[in-house]
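Colleague: Curious how this folds, go ahead:
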Amino acid sequence: MAEARRVFTREFKIAAVKLVTEKGKSVSEVARSLGIAAELLRRWKHALRAEPDQVFPGHGNLPPADEELRRLRAEVARLKAERDILKKVTALFARESP
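Modeller: Coordinates of the predicted model:
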């Protein structure tokens with residue numbers, strides 16, 4: 001049976017990265033002591049360096065830019081569906097007109 005996916009808090013992730021960046025410990029040493037994969041810690045470190053204010057929003061919340069992108073993509077899909085319906089209706093009326 002597959003192992004349940006572990007969830008880490010934002011504070012835990014930041015503290016783990018600080019052990020590497022501020023305490024000078026190696027990524028593999030910190031990862032081993034915390035019981036996580038070294039590559040996971042490297043991703044956290046990269047994410048924290050890239051966007052320190054909006055990193056690890058948690059609970060399925062996307063950063064504002066990603067949330068807007070998701071919303072805009074959904075709107076584009078809806079508009080395309082509406083356009084396709086209008087094209088079909090126009091074609092239907094064009095065939096029925098004498």
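
Colleague: So which residue is smack in the middle of this protein?
Modeller: L62 (5.8 Å; C-alpha atoms, centre = their mean).

Colleague: Quickly note the distance from the residue nearest to it when sequence neighbours are not counted to P64.
Modeller: Residue nearest to L62 in three dimensions, not counting chain neighbours: R70, with 6.5 Å by C-beta to C-beta, 6 or more residues apart in numbering. Just so you know, the C-beta spots here come from the backbone N, C-alpha and C atoms, and that holds for glycine as well. Separation of R70 from P64 (C-beta to C-beta, to the nearest Å) stands at 11 Å.

Colleague: what about the helices in this structure?
Modeller: 10-21, 27-34, 38-50, 64-96 (DSSP state H).

Colleague: quick one: average pLDDT of the last one?
Modeller: What it means is helix 64-96. Averaged across helix 64-96, pLDDT comes to 92.
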